[in-house]
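Colleague: When you get a sec, could you give me coordinates for this:
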Amino acid sequence: MKKLVKPLLAVLLFTAASASMAQQAPKPEQVIKWRQSVYQVLAWNNGRIKNNVEGTYNKDEVIRAANAIAAIANSGLGALYPAGTETGKGWRETTVKPELFTETAKAGEAAKKFITESNELAKLAATGDAAAVKVQFGKLGQTCKGCHDDFRKKD
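Modeller: Residues are numbered from 1 along each chain as shown. Presented below is the predicted three-dimensional model:
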């Protein structure tokens, strides 16, 4: 048994060391692409809800879009803002303001509001109450606008 343990331990240690070396941090350009992609998905789902509250309301469509927004909001978006991504190009030049990286408490509060309002939207969408969804969708939009005003460069 002892003859098996030492070689097995050596193989496990080598495998763990190799795996950790292979998992290097992504390049800033890649992180910026991921960040930009996430916000495109959010925009698409916001558009789906907007079309429903302004037109013919489809409860199932709104539920799917609201759940997608809530899932993204709860996914840890802050990880897409590591140091070194204040400037640079993903799919296009980043529009994040440097203040997002220095005013971390304010950014954290904005993120909390976004999560809270997204979760409430998903909860209300499940009820099918179009009027309540419309009001909550407006509240969610205000969190987006506030963050854009504070932390996004004008196009």
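Colleague: Can you show me the helices along this structure?
Modeller: For the chain, helices defined by DSSP state H occupy the ranges 2-22, 28-54, 59-73, 99-102, 104-127, 130-151.
Colleague: Out of those, which gets nearest to Trp91?
Modeller: helix 28-54 (5.1 Å; CB to CB). The C-beta positions use only the backbone N, C-alpha and C, and glycine is treated the same way.
Colleague: in the closest one, what's buried?
Modeller: Residues 28, 31-33, 35-36, 39, 42, 45-46, 48-49, 52-53 are the ones in helix 28-54 that count as buried (16 or more other CB atoms under 10 Å).
Colleague: need the contact list for Lys59.
Modeller: The contact partners of Lys59, by CB atoms under 8 Å, 6 or more residues apart in numbering, come to Ala125, Gly128, Ala130.
Colleague: now those residues: which count as buried?
Modeller: Going by neighbour count (16+ other CB under 10 Å), the contacts of Lys59 have Ala125, Ala130 buried.
Colleague: Pick the one among the contacts of Lys59 closest to Leu100.
Modeller: Closest to Leu100, out of all of the contacts of Lys59 and judged by CB to CB, is Ala125, at 28.9 Å.
Colleague: mind checking pLDDT for the closest one?
Modeller: Ala125 is assigned a predicted lDDT (pLDDT) of 98.
Colleague: out of everything not next to it in sequence, what's closest to it?
Modeller: Ala66 (3.8 Å; CB to CB, 6 or more residues apart in numbering).
Colleague: ok, the one you found - contacts?
Modeller: Asn45, Ile49, Ser118, Leu121, Ala122, Leu124, Ala125, Val133 are the contacts of Ala66 under CB under 8 Å, 6+ apart.
Colleague: got any ranges where this structure has weak pLDDT?
Modeller: By pLDDT under 70, the weakly predicted segments of the chain are 1-22.
Colleague: thinking again about what came up before, just put the contacts of Lys59 in TSV and tack on distance to Ser75.
Modeller: Shown next, in TSV, are the contacts of Lys59 (distance: CB to CB, whole Å):
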residue	distance to Ser75
Ala125	18
Gly128	26
Ala130	27
